[in-house]
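# no sequence on this one, just coordinates:
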């Protein structure tokens, strides 16, 4: 049997004319017209005014931390239930991540955020920023978070790396806060093979980001530098691929949501099997379909299910291990943690690519059903 991957790249043919144009023009790198167009098209898609196409989502978040003035010793609130790339750039600038638990939506808990901001204000130690992560294609509750950040004067950064195409109260993921972070890694809903973008309604912030991302080269006929910069800009050829991918975003969201509904219809009635909820404030892109496996009711653990899938050449992965549980962040403060710890113990991501066929999904469903049936037999 061919291997089913969790979220493989999905090329549709829309990329080729744009890719060929970049090759024919010999404008492969650096930057170029496809980068400019990709930024404009992404602005229209997300609903923001400005964007800087970069080498990765991590680079985008790093620039956000630098431009928000994070310095050694600063606290930065961050979702605990996420991938390490959401927290690493805080440390790049010497900041101290303060990890915040999620609530039953699986997104960062606004109540814990409010408690911490109130406590920090009373102590005269305001966090330098809040990094809120849109998890598995669903946005955080930005009506709550934007109000809190405005009240306490803390910049909000939306890590929408997993959520392009999702909405929150009608607004696109990535459009909230001071800046938004997008990722086009190979497993994301659209890919440039590697790449990301920093988006914002603050034109000056994006101007500075572009400057820093091109080695902070000063305006001069020779190479002159007054600041330390980074080699973070996207190439013209990768932007061409991204433009082709972006043209099919709506279809990709529909396909991934169909995956989720197919899994839920087939597996939702099994004892002990649950699904990541969809929050009432928006529409998720369902980047990955995540189930929870309650061993007491199902009779097997999520690891039993994962290994059974692997035996059939099907890739599945546990959900993100919370950052406050990671050895590298052992010395960091955490607010709560039990909610995301329990989700981690039970959560499993199933193959969810936008090219997944009904037969492919059926293979996954059959294995999960079989594990449960064998235990109960």
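Everything's here; your move. Bear in mind the structure is a predicted one, so any value in this text is a computation, not a measurement.
# please parse the protein into its domains.
Here the domain assignment for the chain is 15-246, 249-376, based on automatic domain parsing.
# and residue 32, backbone torsions?
Per-residue torsions, residue 32: phi 130, psi 180 (degrees, to the nearest 10).
# residues in contact with the residue lying closest to it once chain neighbours are set aside?
In space, residue 32 comes closest to residue 236 once its chain neighbours are excluded; the distance is 2.9 Å by CB to CB, 6 or more residues apart in numbering. Placement of C-beta: from N, CA and C, glycine included. For residue 236, the residues meeting the contact criterion (CB atoms under 8 Å, 6 or more residues apart in numbering) are 22, 27-35.
# next, count neighbours for residue 69.
Neighbour count for residue 69, taken as other CB atoms under 10 Å: 11.
# which SS class is it?
Secondary structure, DSSP: H, G, I helix; E, B strand; the rest coil: residue 69 is coil.
# that one is in contact with residue 155, isn't it?
No: Residue 69 lies out of contact with residue 155 (CB atoms under 8 Å); the separation is 9.2 Å.
# shared neighbours of the two, anything?
Residues touching both residue 69 and residue 155 comprise residue 128, with contact defined as CB under 8 Å, 6+ apart.
# tally of neighbours for the nearest residue to residue 347 once chain neighbours are set aside?
Spatially, and ignoring its direct neighbours in sequence, residue 347 is nearest to residue 319 (3.4 Å; CB to CB, 6+ apart). Neighbour count of residue 319, defined by other CB under 10 Å: 23.
# how close does residue 319 sit to residue 366?
When distance is defined by CB to CB, to the nearest Å, residue 319 is 22 Å away from residue 366.
# avg pLDDT for stretch 158-178?
Averaged across stretch 158-178, the pLDDT comes to 98.
# what does stretch 79-91 give?
Rounded mean pLDDT across stretch 79-91 is 98.
# same check on stretch 16-29?
Stretch 16-29 shows a mean pLDDT of 93.
# same question for stretch 189-207.
Mean pLDDT, stretch 189-207: 97.
# still on that earlier bit, just the contacts of residue 236: which are in strands?
For the contacts of residue 236, membership in strands holds for none, with DSSP state E as the criterion.
# reformat those residues as CSV; add distance to residue 295 and neighbour count.
Conversion of the contacts of residue 236 to CSV gives the following (distance: CB to CB, whole Å; neighbours: other CB atoms under 10 Å):
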residue, distance to residue 295, neighbour count
22, 51, 22
27, 55, 18
28, 52, 14
29, 51, 14
30, 52, 12
31, 52, 16
32, 53, 19
33, 55, 14
34, 50, 27
35, 49, 25
